[in-house]
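*Asks:* Turn this into a model:
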Amino acid sequence: MERPSLEVNLPDTHEEGKLYVVDSLNNLNKLNVCPDESQHSLDEEENTGGTGESMAGSNTRNQRLFFITFILTLIISLALVSFVIFLIIQTRNKIDQISSRLLSEKKNIEELKKINRIILKHLNQSGIKE
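*Replies:* Below you'll find the predicted structure:
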């Protein structure tokens with residue numbers, strides 16, 4: 001596919017009219033060729049006269065945005081790590097409590113087994129059988 005030519009046969013007009021038509025054609029060409037983001041930066045460059053002031057401001061703005069994003073990411077990461085450490089400590093405490101309960105229950109079960117054996121021995125000695 002061929003692109004339509006942007007060349008236009010201009011009738012003899014005043015110099016201002018020619019400049020207006022050329023600017024309009026340039027803007028149309030930018031809209032057809034450049035994506036939206038680069039069109040925005042081109043417009044800013046035209047507004048500043050192409051001196052690079054826009055790029056310096058944009059770089060500073062980008063650096064600030066990057067720095068703020070970096071700091072926020074660090075803070076969020078620190079909060080998440082602290083929360084995970086808190087959960088690990090809580091889990092360890094709960095496991096310790098459960099294991100101590102299990103040990104005490106095991107001791108109780110052993111004592112009940114001893115009492116059961118004593119009762120069975122006593123019943124066997126007394127001659128009472130079921």
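*Asks:* for the helix ranked longest in the chain, packing partners?
*Replies:* What stands out as the longest helix in the chain, according to DSSP state H, is helix 53-126. Here helix 53-126 touches helix 36-48, going by 3 or more C-beta pairs under 8 Å, 6 or more residues apart in numbering; DSSP states H and E. Yep, even glycine has a C-beta here, placed from its N, CA and C like the rest.
*Asks:* same question for the helix it packs on, mean pLDDT?
*Replies:* What helix 36-48 shows for mean pLDDT is 55.
*Asks:* do the same with stretch 111-128
*Replies:* 90.
*Asks:* tell me which residues in that stretch are buried?
*Replies:* Buried positions in stretch 111-128, judged by neighbour count with 16 or more other C-beta atoms under 10 Å: none.
*Asks:* How about stretch 102-113?
*Replies:* Applying a neighbour-count criterion of 16+ other C-beta under 10 Å, stretch 102-113 contains no buried positions.
*Asks:* CA atoms of that stretch as PDB?
*Replies:* The C-alpha trace of stretch 102-113 is given here as PDB (Å, rounded to 0.1, in the frame of the first residue of the first chain):
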ATOM      1  CA  LEU A 102       0.100 -33.000  73.900                       C
ATOM      2  CA  LEU A 103       2.900 -33.900  76.300                       C
ATOM      3  CA  SER A 104       0.700 -33.200  79.300                       C
ATOM      4  CA  GLU A 105      -2.100 -35.300  77.700                       C
ATOM      5  CA  LYS A 106       0.400 -38.100  77.000                       C
ATOM      6  CA  LYS A 107       1.400 -38.100  80.700                       C
ATOM      7  CA  ASN A 108      -2.300 -38.100  81.700                       C
ATOM      8  CA  ILE A 109      -2.900 -41.100  79.400                       C
ATOM      9  CA  GLU A 110       0.000 -43.000  80.800                       C
ATOM     10  CA  GLU A 111      -1.300 -42.300  84.400                       C
ATOM     11  CA  LEU A 112      -4.700 -43.600  83.300                       C
ATOM     12  CA  LYS A 113      -3.200 -46.700  81.900                       C
END
